[in-house]
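Chemist: Build me a model from this:
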Amino acid sequence: MFKKMLAAFGVGSPSVDTVLSTTAVQPGGFIEGNVNITGGDSEFMIEQVVLSLATRVEVEGGDYEGHGGIELGHVVAAQHFRVGPGERQSIPFRMPVPWEAPITEVYGQHLRGMVMGVRTELVVAKGRDKGDVDPVAITPLPVQQGVLDGFAANGFRFKHADVEQGYLHGVQQNLPIFQEIEFWPPPQHGGKINEVELTFVANPYGVEVVLEFDKRGGMFSSGHDAYSRFSIRHDQAAGTDWAAVVDGWVREATSRYYSHLPADYGHGQGGYGHGGYGHGGYDHGHHGHGRGRQGVGMGAVVAAGAAGVVGGIVAGEVFEEVFEGDDEGGDFDF
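Modeler: Numbers count the residues shown, from 1 in each chain. Next up, the predicted model:
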């Protein structure tokens with residue numbers, strides 16, 4: 001919630017108080033609330049009231065590397081109306097949350113590294129007043145929660161999460177971003193895996209699960225990354241032994257047999273295969289970490305150009321000022 005005098009209007013301007021009735025929502029759901037406006041000393045004309053869902057994203061290009069903000073979607077709650085002196089108006093809004101929205105909260109605990117909020121923007125004749133950002137939590141879908149629980153049950157520990165700009169090869173995306181949830185491996189896999197990066201790409205029918213295993217090298221061999229992808233329907237969430245499913249995924253990625261398979265292995269459609277769901281593929285090439293990485297595997301990333309960013313990259317300070325220090329919390333415990 002925020003209450004702010006509209007700087008674009010000058011002295012004696014209206015004040016705005018945005019109240020979210022939805023503070024936690026799953027991908028594909030809706031955020032609801034009210035924008036409460038109280039008139040100032042004189043009558044004002046407001047062209048639009050715009051609510052945007054935005055998150056912080058890793059931005060890399062050329063020599064630049066840092067954080068920016070990206071809009072995931074927006075709604076126009078009202079437009080072309082006047083606010084009289086001292087008049088109070090309450091404008092309700094209902095904003096859809098994209099299926100591909102990154103997760104920011106699990107079991108009521110914030111994922112370190114994630115930032116998400118609803119920004120209120122008023123458009124007036126003199127310009128725009130972007131206002132502040134109200135934090136909102138995106139919680140996992142049942143399939144996503146099951147996979148997270150499966151990693152926890154196998155001893156994986158949460159390390160960090162962030163949102164990166166780009167597209168995943170072979171995965172249909174509507175947003176030019178993807179989330180990476182990073183895990184430390186348990187002792188039984190510590191000699192084979194440095195870390196695991198998990199990405200969810202959800203849609204109305206199910207969830208694409210993309211895994212990147214950063215595999216350790218031996219005395220006479222270098223380490224490399226192994227990628228796999230699985231398609232899981234929403235109705236498969238209940239009644240599934242997620243600990244066993246995740247264990248199967250990890251064993252496949254770390255097995256000596258799979259380390260020698262060609263990169264296009266397993267691209268065909270499958271069912272409840274050896275340890276996993278849907279169609280999985282492994283890529284055993286070498287890929288660097290960062291925006292420049294590319295490859296032929298199912299998990300390879302194709303960098304997105306600035307022109308392809310939905311809503312554009314906005315100033316990172318929009319988030320730094322409002323959410324300063326939010327990603328400095330302790331380790332997340334499933």
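Chemist: Sketch out the helices for the stretch 151-300 of the chain, chain order is fine.
Modeler: Under the criterion DSSP state H, counting those that start in this stretch, the stretch 151-300 of the chain contains helices at 242-254.
Chemist: quick one, strands of it?
Modeler: Per DSSP state E, counting those that start in this stretch, the stretch 151-300 of the chain carries strands over the ranges 157-165, 167-168, 177-184, 193-202, 206-215, 224-233.
Chemist: can you list those in JSON lines and add mean pLDDT, distance to residue 246 and mean neighbour count?
Modeler: (C-beta placed from N, C-alpha, C; glycine too.) Converted to JSON lines, the strands of the stretch 151-300 of the chain look like this (pLDDT from 0 to 100; distance: least, Cβ to Cβ, whole Å; neighbours: other Cβ atoms under 10 Å):
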{"stretch": "strand 157-165", "mean pLDDT": "94", "distance to residue 246": "14", "mean neighbour count": "20"}
{"stretch": "strand 167-168", "mean pLDDT": "92", "distance to residue 246": "20", "mean neighbour count": "19"}
{"stretch": "strand 177-184", "mean pLDDT": "96", "distance to residue 246": "10", "mean neighbour count": "21"}
{"stretch": "strand 193-202", "mean pLDDT": "95", "distance to residue 246": "10", "mean neighbour count": "20"}
{"stretch": "strand 206-215", "mean pLDDT": "91", "distance to residue 246": "9", "mean neighbour count": "23"}
{"stretch": "strand 224-233", "mean pLDDT": "84", "distance to residue 246": "10", "mean neighbour count": "22"}
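Chemist: possible to save the ones you listed as a markdown table with distance to residue 39?
Modeler: Listed next are the strands of the stretch 151-300 of the chain as a markdown table, based on distance: least, Cβ to Cβ, whole Å:
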| stretch | distance to residue 39 |
| --- | --- |
| strand 157-165 | 38 |
| strand 167-168 | 46 |
| strand 177-184 | 39 |
| strand 193-202 | 42 |
| strand 206-215 | 46 |
| strand 224-233 | 51 |
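Chemist: Could you list the low-pLDDT ranges of the protein?
Modeler: Along the chain, segments meeting pLDDT under 70 span 1-12, 61-64, 126-127, 129-131, 215-225, 256-334.
Chemist: ok, longest strand in it?
Modeler: Selection of the longest strand in the chain by residue count, based on DSSP state E, yields strand 64-83.
Chemist: Each with direction, which strands does it pair with?
Modeler: Sheet partners assigned to strand 64-83 using DSSP bridges are listed as strand 44-61 (antiparallel), strand 313-314 (antiparallel).
Chemist: Could I get the CA-only coordinates of that strand as CSV?
Modeler: The C-alpha coordinates for strand 64-83 follow below in CSV (Å, rounded to 0.1, in the frame of the first residue of the first chain):
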residue,chain,number,x,y,z
TYR,A,64,27.0,-3.6,-19.1
GLU,A,65,25.9,-6.0,-16.4
GLY,A,66,23.3,-5.1,-13.8
HIS,A,67,19.7,-5.1,-12.8
GLY,A,68,16.7,-3.6,-14.5
GLY,A,69,12.9,-3.7,-14.2
ILE,A,70,10.6,-5.4,-16.6
GLU,A,71,6.9,-5.2,-16.9
LEU,A,72,5.1,-8.6,-17.1
GLY,A,73,1.6,-7.1,-17.8
HIS,A,74,-0.6,-4.2,-17.1
VAL,A,75,-4.2,-3.1,-17.0
VAL,A,76,-5.9,0.3,-17.4
ALA,A,77,-8.2,0.6,-14.4
ALA,A,78,-9.8,4.0,-15.4
GLN,A,79,-9.4,6.7,-17.9
HIS,A,80,-10.5,10.3,-18.7
PHE,A,81,-12.1,11.4,-15.5
ARG,A,82,-12.0,14.4,-13.2
VAL,A,83,-11.3,14.6,-9.5
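Chemist: What's the first helix or strand after that strand?
Modeler: strand 88-96 (DSSP states H and E).
Chemist: same for that following strand, what does it pack against?
Modeler: Under the contact definition 3 or more Cβ pairs under 8 Å, 6 or more residues apart in numbering; DSSP states H and E, strand 88-96 sits against strand 30-38, strand 44-61, strand 64-83.
Chemist: outside of the first one, which residues touch it?
Modeler: To tie it back to what came earlier, the one meant is strand 30-38. With contact meaning Cβ atoms under 8 Å, 6 or more residues apart in numbering, strand 30-38 is reached by 14-22, 25, 46, 49, 51, 53, 77-78, 83, 86-97, 118, 120, 136.
Chemist: let's see it at 6 Å
Modeler: 14-22, 25, 49, 77, 83, 88-92, 94-96 (Cβ atoms under 6 Å, 6 or more residues apart in numbering).
Chemist: What's the PyMOL syntax to select whichever of those are buried?
Modeler: This is how PyMOL selects the buried members of these, with burial counted by 16 or more other Cβ atoms under 10 Å:
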select buried, resi 14+16+17+18+20+22+25+49+77+83+89+91+95
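Chemist: Adding distance to residue 251, write the strands paired with strand 64-83 out as CSV.
Modeler: Converted to CSV, the strands paired with strand 64-83 look like this (distance: least, Cβ to Cβ, whole Å):
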stretch, distance to residue 251
strand 44-61, 31
strand 313-314, 40
